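# Predicted structure and sequence below. I'll ask about it afterward.
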Amino acid sequence: MRRNHPVAGIVALLLALAAPARAELVELRIDAIEPFAGGVAHGDAGPYERVSGVARGELDPADPHNAGIALLDRAPRNARGRVEYEVDVFMLRPVGGSSTLLYDVTNRGSKVALTFFSDAARGAGSNDPRDAADVGDGFLLRRGYAVVWSGWDPTVPEGQGLMRGRFPRVPGLRGPVRDEWVFGVSTPDVPESATLSYPATRREGARLTVRRRETDAPRELPAGAWRWVDDRHVALVGARFEPALIYELRYEAADPPVLGIGFAAVRDLVSHLRHEPGAGGPFERSLAVGVSQSGRFLRHFLELGMNRDERDRRVFDGMLPYIAGSGKVFANHAFGQPGRSAGGHIARLFPESWFPFAHARTADPHGGGERGLLRGDDTDPLIIEANSSTEYWHKGASLGHTDPAGARDLAEPPGVRLFLISGTEHAGGALPRAHTCAHPTNPVRPGPALRALLVALEAWVARGTPPPASRVPRIADATLVRFEDLSFPSIPGAARPPAPNALRVPPDWIDPASGAGPTYPVLVPAVDGDGNEIAGLRLPPVAVPLATYSGWNAFEPPHPVGDLCGRSGSALPFPRDAAVRDAAGDPRAAIRERYPTHADYVERVRAASRALVDARLLLPDDAAAYLRAASADDAAWR
């Protein structure tokens, strides 16, 4: 039964929040509480309930805790001299209570932890979970977490269960904006018009350019070749946008939102839930997970010092950012665009990766001083950070564990562990992939590794149990190498690896062509004779392979051949037997040469799974699932 709380829920929480001495959360309005999945029990955690509402906060621009928020000092203020905001809030919490708050940073407004940690299908169900199927295998709920989501991005559209923030704008501020569009790569769709990030305040002086590759000089389209549909859309005249070309529009906009409030909104909501009664709290501990954009959010959150609340308490005790590479988010700038994500051929010249890259303190060879993501005090969380292979090719992940010159390995701080989930692609098959790539995409799913790492993080935070040691490629043992030194096999019919994305000192994002600027060296994982990565956390499909699995893919014609294709990986199957291998001229051993019988293969999977379970890098349930899958996959031996 649904319980609405238009009055009682507000009153109960306002009593605790009335007249705060600091500009923290001032209202947590609970709009509805209803049973989740008909009240079915989720293991020992019992039944869950859905909680939805809105959090409203205030920020004091003069408070040093808010000093890193761009434009906050120019936002409108209330009678108390504070800047107001509100965000959507949603929880799945055990009816009987929980000791652990798990905050899932939304990705462009979407809830992502259920997909990546519980294997839920991506879509409307996991974004507005109501039934047991919407939470996949129920892993997060069986762990007993109170899972919390909230909005932090005011550019997210309304509806579809998306979580939004509503932040003030800076009145009267005008400035240039650059938008970029590359259509027909992530999906085959090419729209009739392109959507601007901000309404154009004037059309005079706007310029639309096109180029084939990021390194090509832009060609300006004449005024008669394109038109304004309205102040948020442009279209070509007598033509449609061409797939894979890079279109850029420069124009003027006004009144940008104070995007950086999103970091403080997360800080203040989680701090309130963690320490105050009501809405399921207080909690003994708080953990955060973030995937891709939301993993970059967590890295940026650390850089801004947001893990210290306004009462100088630690906000998150532990963090697990996944597939963030070396990046942050374009969400603390005037006219920022939080949804941008740099990749091969796409959005490479927008702010995303800048010094510092590593948690450890390092010196920037390009004048950025000496800093790390962590503060070195009691507000630092314990961190387990994981990346797929793709982040080494697209997002400079090597800089998370080398010095900025790419010359030496870094020792992780005691409270940090780093992992490469070897042979996996960005998002691990959870997202639709480009139809434009030369190779089949990589099917190896990261979920089993992520589940084990989350359990290890919880034990580290709750009981002080040290997690497994880091598993990343290293310069010292030649498992992390320059692209020029990568020895990838020549596989018949397969493309050669394209060069990884160069990581530039952040250019002027409005006019990035004004100077190439220096770069930070990006290194990639070394591979064995099959093309599979040597170092990292090698899940059974990679440790006992039937194919070459990579985190990179290449475009095929008519797209820019030789460029990285989206953020896709590759799967290049091994030959079935020696005769097929010889006929193709494939240098890799055939499946039957590696594993003479199906039983040999199954036993190898059993041994690899057992080793990972013993190392606390795989849960027993996932080991059993790998064994079942291997036992059922006997096609190569028929």
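Sure, I can see it.
# bridging residues for residue 85?
Residue 85 forms beta bridges with residue 57, as assigned by DSSP bridges.
# Can you report how many residues neighbour residue 212?
15 (other Cβ atoms under 10 Å). For glycine as for every other residue, the C-beta is placed from the backbone atoms N, C-alpha and C.
# low-confidence ranges in the chain?
Along the chain, segments meeting pLDDT under 70 span 1-23, 124, 429-435, 514-516.
# so what's the residue positioned nearest the centre of it up against?
Centroid-nearest residue in the chain: residue 292, 1.0 Å away (criterion: Cα atoms, centre = their mean). Going by Cβ atoms under 8 Å, 6 or more residues apart in numbering, residue 292 touches 107, 112, 322-324, 341, 426-427.
# and what of residue 167?
85, 154, 257-259, 261-262.
# Now flag whichever of those is closest to residue 496.
Comparing the contacts of residue 167 against residue 496 with Cβ to Cβ places residue 259 closest, at 39.9 Å.
# Neighbours of the closest one, how many?
26.
# State the helix or strand in which residue 541 lies.
helix 540-543 (DSSP states H and E).
# what sits up against that helix?
Contacts of helix 540-543 (Cβ under 8 Å, 6+ apart): 422-424, 444, 532-533, 549, 605, 608-609, 612, 626, 630.
# I'd like to know which of those is nearest to residue 175.
residue 424 (39.6 Å).
# re the thing from before, what's the most distant pair in the contacts of helix 540-543?
533 and 630 (20.5 Å).
# Give me the more crowded residue out of the two.
Just comparing residue 533 and residue 630: by other Cβ under 10 Å the higher neighbour count belongs to residue 533, 26 against 22.
# give me every residue that touches that one.
389, 420, 422-423, 473, 479, 525-527, 542.
# centre of the chain versus stretch 120-129, how much separation?
Distance of stretch 120-129 from its chain centroid, counting by Cα atoms, centre = their mean, to the nearest Å, is 17 Å.
# Contacts for that stretch next, please.
36, 50, 92, 110-111, 114-115, 131, 133-136, 160-162, 430-431.
# Which among these count as buried?
Buried members of those, counted by 16 or more other Cβ atoms under 10 Å: 36, 50, 92, 110-111, 114-115, 134-136, 161-162, 430-431.
# Only C-alpha atoms, please: export stretch 230-247 in CSV.
What follows is stretch 230-247, C-alpha atoms only, in CSV (Å, rounded to 0.1, in the frame of the first residue of the first chain):
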residue,chain,number,x,y,z
ASP,A,230,14.6,27.5,-32.7
ASP,A,231,16.9,28.8,-30.0
ARG,A,232,17.8,25.2,-28.9
HIS,A,233,18.1,23.4,-32.3
VAL,A,234,19.9,23.8,-35.6
ALA,A,235,19.6,21.8,-38.8
LEU,A,236,21.2,21.5,-42.2
VAL,A,237,19.4,22.9,-45.2
GLY,A,238,18.4,20.4,-47.8
ALA,A,239,20.5,17.6,-46.2
ARG,A,240,20.9,15.6,-43.0
PHE,A,241,23.9,15.4,-40.7
GLU,A,242,26.4,12.7,-41.9
PRO,A,243,27.3,9.9,-39.6
ALA,A,244,30.6,10.1,-37.7
LEU,A,245,31.5,13.6,-38.8
ILE,A,246,32.3,16.1,-36.0
TYR,A,247,30.0,19.1,-36.1
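# Counting neighbours, which bits of that stretch end up buried?
234, 236, 241, 244-247.
# just stretch 504-519 next, same as before
Buried residues in stretch 504-519 (16+ other Cβ under 10 Å): 504-507, 509, 512.
# Okay, and which of those map to strands?
Among the buried residues of stretch 504-519, the members falling in strands (DSSP state E) are residue 504.
# ok, so of the buried residues of stretch 504-519, who is nearest residue 537?
residue 504 (29.7 Å).
# I'd assumed residue 521 was in contact with that closest one.
No. The pair residue 504 and residue 521 fails to qualify as a contact (Cβ atoms under 8 Å) at a distance of 11.7 Å.
# quick one on the thing from earlier: return the closest of the contacts of residue 292 with respect to residue 306.
Checking the contacts of residue 292 one by one against residue 306 (Cβ to Cβ), the nearest turns out to be residue 324, at 15.7 Å.
# What ranges does the stretch 301-450 of the chain have for its strands?
For the stretch 301-450 of the chain, the strands defined by DSSP state E, counting those that start in this stretch occupy 318-322, 362-363, 370-371, 382-388, 416-421.
# can I get the CA coordinates of the last one in CSV?
It refers to strand 416-421. Coordinates of each C-alpha in strand 416-421 appear next as CSV, following Å, rounded to 0.1, in the frame of the first residue of the first chain:
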residue,chain,number,x,y,z
VAL,A,416,43.7,3.0,-1.7
ARG,A,417,43.5,-0.1,-3.9
LEU,A,418,43.4,0.0,-7.7
PHE,A,419,42.3,-2.7,-10.2
LEU,A,420,42.3,-3.3,-13.9
ILE,A,421,39.5,-5.7,-14.7
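# Which other helices and strands does that strand contact?
Using 3 or more Cβ pairs under 8 Å, 6 or more residues apart in numbering; DSSP states H and E as the contact test, the elements touching strand 416-421 are strand 382-388, helix 447-463.
# now with 10 Å?
strand 318-322, strand 382-388, helix 390-394, helix 447-463 (3 or more Cβ pairs under 10 Å, 6 or more residues apart in numbering; DSSP states H and E).
# Equivalent analysis for the longest one, please.
Counting contacts by 3+ Cβ pairs under 10 Å, 6+ apart, the secondary-structure elements packed against strand 382-388 are strand 285-291, helix 293-303, strand 318-322, strand 416-421, helix 447-463.
# Show me which positions of it end up buried.
382-388.
# Show the backbone phi and psi for residue 561.
phi -60, psi 140 (degrees, to the nearest 10).
# Could you find the closest non-adjacent residue to it?
residue 555 (5.6 Å; Cβ to Cβ, 6 or more residues apart in numbering).
# hmm, back to that, possible to save the buried residues of stretch 230-247 as JSON lines with distance to residue 567 and secondary structure?
Formatted as JSON lines, the buried residues of stretch 230-247 follow (distance: Cβ to Cβ, whole Å; DSSP: H, G, I helix; E, B strand; the rest coil):
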{"residue": "234", "distance to residue 567": "26", "secondary structure": "strand"}
{"residue": "236", "distance to residue 567": "27", "secondary structure": "strand"}
{"residue": "241", "distance to residue 567": "21", "secondary structure": "coil"}
{"residue": "244", "distance to residue 567": "15", "secondary structure": "coil"}
{"residue": "245", "distance to residue 567": "19", "secondary structure": "coil"}
{"residue": "246", "distance to residue 567": "16", "secondary structure": "strand"}
{"residue": "247", "distance to residue 567": "20", "secondary structure": "strand"}
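# State the pair within these that is farthest apart.
234 and 244 (18.5 Å).
# Please name the nearest non-neighbouring residue to residue 345.
residue 563 (4.9 Å).
# wait, what's in contact with that neighbour?
Contact partners of residue 563, counting by Cβ atoms under 10 Å, 6 or more residues apart in numbering, are 212-215, 244, 344-346, 498-499, 501, 554-555.
# Of those residues, which belong to helices?
The members of the contacts of residue 563 all map outside helices under DSSP state H.
# hmm, which of the residues you listed are the buried ones?
214, 244, 344-346, 498-499, 501, 554-555.
# Hmm, residue 298 and residue 107 touching each other?
No. Residue 107 is beyond contact range of residue 298, at 11.5 Å (criterion: Cβ atoms under 10 Å).
# what touches both of the two?
Contacts common to residue 107 and residue 298, judged by Cβ under 10 Å, 6+ apart, are 290-291.
# okay, these two: which has more neighbours?
residue 298 (30 against 25).
# quick one: residue 624 is in a strand?
No. Read with DSSP: H, G, I helix; E, B strand; the rest coil, residue 624 is helix and lies in no strand.
# my guess is it meets residue 609, correct?
Yes. Using Cβ under 10 Å, residue 624 makes contact with residue 609 at a distance of 8.2 Å.
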